[in-house]
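[1] sequence first, then the predicted structure, then my questions.
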Amino acid sequence: VPPRALSGATDVAAVIGMPVRHSLSPALFNAAFAATDLDWAFVAFEVDEAAMPSALEGARALGIRGLSVTMPGKEIAARLVDELTPDAETLGAVNSIRLDHGRLIGHNTDGPGFVDALRLDSQVEPEGRRVVVVGAGGAARAVIRSLAAAGAAEVGVVGRTRERVERAVALAGSAGRAVTEDAIADADVVVNATPVGMADRGDDGAIPFDPARLHPGQLVVDLVYHPLETALVRDARARGVEVVNGVGMLVHQAAHQFRSWTGIPAPIAAMRSAIEAALH
Ligand SMILES: NC(=O)c1ccc[n+]([C@@H]2O[C@H](COP(=O)([O-])OP(=O)(O)OC[C@H]3O[C@@H](n4cnc5c(N)ncnc54)[C@H](OP(=O)(O)O)[C@@H]3O)[C@@H](O)[C@H]2O)c1
């Protein structure tokens, strides 16, 4: 769908962070605005941590409708907004800001996006499942909290920095466990929430855990989406294990942002096509 021409009435949303020049968000959200025929436009602003306070005041003054927040601004955004959703408050991180009559409302849509991808794309209901999450950073924390909220029976966390693992485990309440890679063999769902395998790190061939622990019947979710097919995705598939990349979470977390800013349902299929086209 071709985008609308910009006008004096066009509403603006943006991604802020550093770097953002290669962000997929403009392609994703402009495709969504075009598909829903909204007079909105989405741009990227390079904003480092030090500039976050003035960027948010500027957004308020300019009447920007929504902001996606990427690294390194997610934690500082949580301290700067006027209000936090319960997810954003617990995680201490904001990936999306809705401007409501000048008030900045901080959301975190990564966890809900992950759970939507599980349910809607993979037909896996988290309730009662045993899950192992590899990694304990921002993405892992969001995933862990949402899995526990969705009723996962066990959320095991594998990580290399003990203090960070303990803080991540605590987000899952009584379902949380600090585990070693051995736990992967007994999991229903295994999530890679480390950046290992990302193309821009130059370690395309790397796999974040020993894939010999996987077996058919499990679902592996690699949160990495660039490349679309990581070494983990290829290896797991060759073992007969069901595996998906990070595109589903990316699309569904953006769908939550779109819905919170515009108040209308997100055009999921158009958003997914835009991402896949941008990544191919
Ligand atoms: N699909 C999506 O929508 C989506 C959304 C968010 C993030 N992601 C992806 O998820 C990944 C993680 O992002 P993030 O924001 O959570 O990053 P982050 O906050 O920097 O956390 C990265 C985690 O991975 C661990 N780690 C890094 N390198 C490792 C290695 N070589 N071996 C073992 N563990 C390693 C880190 O361990 P330490 O704690 O010891 O440093 C940390 O726990 C990225 O690839 C990102 O693109 C995808």
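    That came through fine.
[2] can we go C-alpha only for contacts and neighbour counts from here?
    Noted.
[3] what is the helix or strand residue 12 falls within packed up against?
    Residue 12 is part of strand 11-17, with elements assigned from DSSP states H and E. Using 3 or more C-alpha pairs under 8 Å, 6 or more residues apart in numbering; DSSP states H and E, the elements in contact with strand 11-17 are helix 25-35, strand 40-46, strand 66-69.
[4] of all those, which one is nearest residue 232?
    helix 25-35 (24.8 Å; C-alpha to C-alpha).
[5] tell me the angle of the closest one relative to strand 40-46?
    Interaxial angle of helix 25-35 relative to strand 40-46 (axes from the mean of the first three to the mean of the last three C-alpha atoms, to 10 degrees): 170 degrees.
[6] just the helices in the stretch 1-150 of the chain please.
    For the stretch 1-150 of the chain, the helices defined by DSSP state H, counting those that start in this stretch cover 25-35, 52-62, 74-80, 86-91, 110-116, 138-149.
[7] quick one: which of those helices is nearest residue 68?
    helix 25-35 (8.2 Å).
[8] rounded mean pLDDT for that closest one, please.
    In this model, helix 25-35 carries a mean pLDDT of 98.
[9] please begin residue numbering at 304 from this point
    Will do, 304 is the new start, and the previous item becomes helix 328-338.
[10] touching the ligand at all, that helix?
    No - judged by C-alpha under 6 Å from any ligand atom, helix 328-338 stays clear of the ligand, getting no closer than 11.0 Å.
[11] about what we covered before: now render the helices and strands packed on strand 314-320 as JSON lines, adding mean neighbour count.
    Below are these laid out as JSON lines (neighbours: other C-alpha atoms under 10 Å):
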{"stretch": "helix 328-338", "mean neighbour count": "23"}
{"stretch": "strand 343-349", "mean neighbour count": "19"}
{"stretch": "strand 369-372", "mean neighbour count": "26"}
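[12] redo the ones you listed as JSON lines? Include distance to residue 547.
    Below are those laid out as JSON lines (distance: least, C-alpha to C-alpha, whole Å):
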{"stretch": "helix 328-338", "distance to residue 547": "19"}
{"stretch": "strand 343-349", "distance to residue 547": "28"}
{"stretch": "strand 369-372", "distance to residue 547": "24"}
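[13] gap between the strand holding residue 315 and the chain center?
    Here strand 314-320 is found 17 Å from its chain centre; the criterion is C-alpha atoms, centre = their mean, to the nearest Å.
[14] how much does it deviate in direction from strand 343-349?
    Angle between the axes of strand 314-320 and strand 343-349 is 20 degrees (criterion: the same axes, to 10 degrees).
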